[in-house]
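Q: Here is my input; please provide its structure:
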Amino acid sequence: MPITERPSDEFISLLRKSGDADVNVAQAAQREFAKALETPLRKGVLVGNILGDIFETINVEIGSTTEFPLDLVSPGLEGEHVAYTNPGHGRIPERAVESDYVMIPTYSIASSVDYLLRYAKEARWDVVGRAMQVMEAGFVKKMNDDGWHTLLAAGVDRNILVYDGDATSGLFSKRLVSLMQTVMRRNSGGNSASVGRGRLTDLYVSPEALEDVRSWGLDQVDEVTRREIYTAPEGGAPITRIFGVNLHDLDEIGEGQEYQSFYTSDLSGTLHQSSPADVELVVGLDQSSNDSFVMPVKSQLQVFEDPTLHRQQRAGYYGFAELGFGVLDNRRIILGSF
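A: Okay, the predicted model is just below:
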């Protein structure tokens with residue numbers, strides 16, 4: 001049952017009992033109520049995130065180490081793994097390969113919420129349900145921030161920034177997409193026939209960038225594409241793919257927005273300093289294979305009742321989970337600006 005929907009009569013009855021005057025009845029009902037909330041809260045957290053399918057969730061046993069092997073072929077060393085012409089005698093040269101490991105630390109994230117007992121007695125699901133949404137939003141926000149901060153840090157560490165020198169500053173161009181495709185390919189290692197060759201599959205931009213797409217004229221796109229832009233539903237992307245690259249808009253990316261500010265202020269990242277300077281960040285990812293972006297989870301979200309609030313005539317619930325985020329290969333991410 002999604003938290004936004006009105007629950008069943010049985011669930012409402014359980015809510016009413018959680019505010020019963022008999023402490024034993026109330027606490028027992030609150031315990032059952034916490035168990036009933038755990039599943040929809042867990043689903044809501046997964047649905048509400050803006051990480052999409054970027055990170056692969058890997059369940060890890062509590063107490064075990066979260067070590068992940070890195071690619072056998074390290075960045076810049078792709079050309080060192082070669083074959084030889086064999087004259088038919090003599091010893092074949094030895095070439096050993098070894099892989100390093102990286103340990104991704106996991107940590108606990110927690111959130112809580114409480115409300116007056118009278119809301120439970122009166123079965124005010126409009127109040128209680130909203131409280132649960134606030135608790136859910138806390139987990140979603142925390143996971144979104146940690147995941148995207150990890151991605152941006154990996155992008156800064158790669159130290160590649162793509163820009164369209166011919167475009168007007170602050171104007172998202174289709175040539176920027178093409179350039180990011182080429183740079184991603186050139187810097188992914190290997191050659192044209194390499195297995196799992198890196199390629200740009202997804203691009204994360206600001207809503208303003210999609211607004212630029214809506215303004216593209218006939219000198220940018222053909223009539224058929226223009227019609228698709230005009231007929232796109234409200235709130236949706238005017239074009240969902242450019243040159244085979246999926247477009248995603250994020251409110252947190254854009255001039256003065258949260259993730260871009262984290263990139264420039266906390267990570268000391270820069271945008272292209274042309275004249276005038278670029279103003280927006282673009283994040284490109286290679287999601288053609290699940291070999292880089294991982295989210296080890298040691299403990300799924302668990303929800304518990306808080307019996308200490310009864311003296312204050314309140315009911316409360318808290319929850320926690322243990323997880324982490326990691327980028328094993330930063331060749332799968334590339335940054336751009338416009």
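
Q: which residue is nearest the middle of this structure?
A: Centroid-nearest residue in the chain, with CA atoms, centre = their mean: residue 51, separated by 2.0 Å.

Q: List the contacts of that one.
A: With contact set as CB atoms under 8 Å, 6 or more residues apart in numbering, residue 51 has these partners: 143-144, 147-148. C-beta here means a position set from N, CA and C on the backbone, and glycine is covered the same way.

Q: Considering those residues, which possesses the most neighbours?
A: Ranked by neighbour count (other CB atoms under 10 Å), these have residue 148 at the top, with 24 neighbours.

Q: roughly how far is the helix or strand hosting that residue from the heart of the chain?
A: Assessed by DSSP states H and E, residue 148 sits inside helix 125-158. Offset of helix 125-158 from its chain centre (CA atoms, centre = their mean, to the nearest Å): 9 Å.

Q: swap in stretch 22-31?
A: That offset, for stretch 22-31, works out to 38 Å (CA atoms, centre = their mean).

Q: which one in this structure is furthest away from the centre?
A: Most distant from the centre of the chain: residue 89, at 54.4 Å, with distances by CA atoms, centre = their mean.

Q: Confirm that one sits in a strand?
A: No - under DSSP: H, G, I helix; E, B strand; the rest coil, residue 89 falls outside any strand and is assigned coil.

Q: which residues in this protein form strands?
A: Shown for the chain, the strands assigned by DSSP state E span residues 56-59, 67-69, 101-103, 107-116, 161-163, 202-205, 241-242, 245-249, 281-285, 293-305, 314-323, 326-327, 333-337.

Q: burial measure for residue 157, as a count.
A: 11.

Q: quick one: pLDDT of the spatially closest residue to it that is not a sequence neighbour?
A: Excluding the flanking residues, the one nearest residue 157 by CB to CB, 6 or more residues apart in numbering is residue 330, at 5.6 Å. In this prediction, residue 330 carries a pLDDT score of 89.

Q: again, but for residue 140
A: 89.

Q: Wait, it touches residue 41, no?
A: No - using CB atoms under 8 Å, residue 140 is not in contact with residue 41, being 10.3 Å away.

Q: Between these two, tell me which one has more neighbours.
A: Using other CB under 10 Å as the criterion, residue 140 and residue 41 rank with residue 41 on top: 22 against 19.

Q: circling back to that earlier point, wait, which of the contacts of residue 51 is closest to residue 326?
A: Of all the contacts of residue 51, residue 326 sits closest to residue 147, with 10.1 Å by CB to CB.
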